[in-house]
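Colleague: I'll drop the sequence and a predicted model, then ask my questions.
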Amino acid sequence: MSHHDTLNALHGKHILLGISGGIAAYKLPLLVRLLKKAGADVQVVLTQRAKEFVTPAVLETLSQRKVLCDIFPTHDAKQDWTEHIRLGEWADMFVVAPATAHTLAKLAHGLSDDMLSVLFLALRPERPRLIFPSMDGEMLSAPAVQRNLALLRQDGCIIIEPEYGELASGLIGKGRLPEPETLFKHITEVFATSASKWLAGKCIVVTAGATRERLDPVRFISNFSTGKMGFALAEAAAEWGAKTILITGKTPLPTPPNVERIDVESAEEMLAAAHAYFERCDVFIAAAAVADYRPEHIAPQKLKKDSDRLVLTLVKNPDILLEFGQQKRAHQIAIGFALETSHALENARAKLEKKNLDWIALNCANDPNAGFEVDTNRLTLLSRTGEQHALPLMSKKEAARALLKLTLSKFRTDSA
Ligand code: C5P
């Protein structure tokens, strides 16, 4: 991650920083300073015991906010008894560092007798909870502590394992709270990852590869498509958080991480697999090279080479993308590919209209660096609304990212 990304990830973010009463609390003022420098707004919450290790005065000076501890309002007029609800809404992330065995137990079981534990419950459920346990090695490995950590993990908390090294007790073991710079790095990474999941909640179906249309038990009609472009699209969609279904013809390519892959053979099988998602998907991307025709009959036995001429009768295959385009609803996006050898732009635009697409990606068959089998592609994107983007020659992975960013820009938020 570059320095620039780091600053962006934290700028304007609201962080609740819960500090519980372990010796490692002395490291936290430095973390507050790092977070503030990166542009975050930090609200510190201490447990009663934490005050023995680090003073509110230091933390208030560095965070420029009143440090909280009790649930009930003090004489300070600025805190009222609904403050925990307001802060629960306000916070983008809850960090607990150090998290003592006692605080872990409270958080794992929903006990809420001070501001830290109440805020942990009041925080909006989708916000990340980042916990840094820190204690003596024996305590850390105690079954009760491990059980509580497992419960918190189950609840979706991110637990960062403590480091191995010299402990306050003088013993060497696992249990050290990482240095402030490391805490800072973890916090930044969580923000950067969640901001980059701009397709979370969307369902994207990608068709890829060539279909095979059987002639007899050992032969088929197909084409040179390898599925690389479709696999790259599925990989990028999944990386950005989309639920991704990849319906593919036969190919040796490995399934990208977090992608649900459905292997099919013929165009008809591909249509059946895709059809199950027609209603449910938000985006349908047809990158497959589907055979336009299939043999009318599949010979039950291997065809013999008895005669000098063999005439095959082919019948038209279903057009999967056309079928999706015809039935798609207003919120759904249909994206097709066109591989043209002549009048490329004109033909691509005609296809866009005919199949009722939102976008079509044109790759030119005459370009040796683009199209089938190679790892690079040169795409021209045309939209229904008349937009046209001629992308330069790039790797299929880069082309996939550029295509998704341009065609799905309406899903992008400011933080993406
Ligand atoms: O009409 P043509 O086959 O050239 O259109 C290409 C686009 O339509 C591609 O996106 C391809 O994946 C899709 N297609 C399809 N079903 C077919 C033929 C093409 O989904 N039977």
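Modeller: Here it is on my side, so go on.

Colleague: Taking the stretch 51-200 of the chain, what residue is nearest to the ligand?
Modeller: Proximity of the stretch 51-200 of the chain to the ligand (C-beta to the nearest ligand atom) peaks at Leu199, 20.1 Å away. Glycine gets a C-beta too; all of them are placed from N, C-alpha and C.

Colleague: how about the residues of the stretch 151-300 of the chain near the ligand?
Modeller: 207, 267, 286-288, 290, 292 (C-beta under 6 Å from any ligand atom).

Colleague: can you rerun that using 5 Å?
Modeller: Counting by C-beta under 5 Å from any ligand atom, the stretch 151-300 of the chain comes close to the ligand at 286, 288, 290.

Colleague: Which of these ranks first by neighbour count?
Modeller: Within these, most neighbours by other C-beta atoms under 10 Å means Ala286, with 28 neighbours.

Colleague: Isn't that residue up against Asp319?
Modeller: No. In this structure Ala286 lies outside contact range of Asp319 using C-beta atoms under 8 Å: 9.3 Å.

Colleague: still on that earlier bit, please tell me I have it right and the residue of the stretch 51-200 of the chain closest to the ligand contacts Ala234.
Modeller: No. Counting by C-beta under 8 Å, Leu199 sits too far from Ala234 to count as a contact (11.6 Å).

Colleague: hang on, the residue of the stretch 51-200 of the chain closest to the ligand in a strand?
Modeller: No. With DSSP: H, G, I helix; E, B strand; the rest coil as the criterion, Leu199 is located in coil rather than a strand.

Colleague: Run through the residues that contact it.
Modeller: Applying C-beta atoms under 8 Å, 6 or more residues apart in numbering, we find Leu199 in contact with 237, 240-242, 404, 408, 411.

Colleague: which strands and helices sit next to the helix or strand harbouring Met270?
Modeller: Assessed by DSSP states H and E, Met270 sits inside helix 267-275. The helices and strands touching helix 267-275, judged by 3 or more C-beta pairs under 8 Å, 6 or more residues apart in numbering; DSSP states H and E, are strand 203-208, strand 243-248, helix 320-327.

Colleague: switch the cut-off to 6 Å
Modeller: Judged by 3 or more C-beta pairs under 6 Å, 6 or more residues apart in numbering; DSSP states H and E, helix 267-275 is in contact with strand 243-248, helix 320-327.

Colleague: So which other helices or strands are in contact with the longest one?
Modeller: Pointing back at helix 320-327 there. Packed against helix 320-327 by the contact rule (3+ C-beta pairs under 6 Å, 6+ apart) you find helix 267-275, strand 333-340.

Colleague: make it 10 Å
Modeller: Judged by 3 or more C-beta pairs under 10 Å, 6 or more residues apart in numbering; DSSP states H and E, helix 320-327 is in contact with strand 203-208, helix 267-275, strand 283-286, strand 333-340, helix 344-354.
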